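Q: No letters, just coordinates:
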């Protein structure tokens, strides 16, 4: 099962953005609780916008946001406004029953 945590940060300025990038650069995770993860950082159209994506692959659905994602969100809140969301990939063969 694939799932994605997205942590969006709107930093107060370029110095805070640099600090966020430094923190993300120090994170090295390959395996955590039997799950594989990749961390990628994307910059927005403004110098103060960043989006951190943690892509997880595990056998079971997540029970909620990961401890890593939660800790990272808390740490980054010192540098600006933070939004942390969890997205679960659905099997494309599953049909929706919306009417």
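A: Thanks, I have it. Worth saying up front: this structure is predicted, and the values here are computed from it rather than measured.

Q: okay, and the helix or strand of this structure with the least pLDDT?
A: Using mean pLDDT, DSSP states H and E, strand 31-32 stands out as the lowest-scoring helix or strand of the chain, at a mean of 48.

Q: Check whether residue 41 really touches residue 24, as I assumed.
A: Yes: taking Cβ atoms under 8 Å as the definition, residue 41 is a contact partner of residue 24 at 4.9 Å. The C-beta positions use only the backbone N, C-alpha and C, and glycine is treated the same way.

Q: Between those two, which contacts overlap?
A: Counting by Cβ atoms under 8 Å, 6 or more residues apart in numbering, the contacts common to residue 41 and residue 24 are residue 52.

Q: if you go through the protein in chain order, where are the helices?
A: 14-26, 67-76 (DSSP state H).

Q: how many other residues sit next to residue 73?
A: 18 (other Cβ atoms under 10 Å).

Q: Oh, that last question was meant for residue 17, not what I typed.
A: 21.

Q: Please apply the same query to residue 72.
A: Look at residue 72: counted by other Cβ under 10 Å, it has 23 neighbours.
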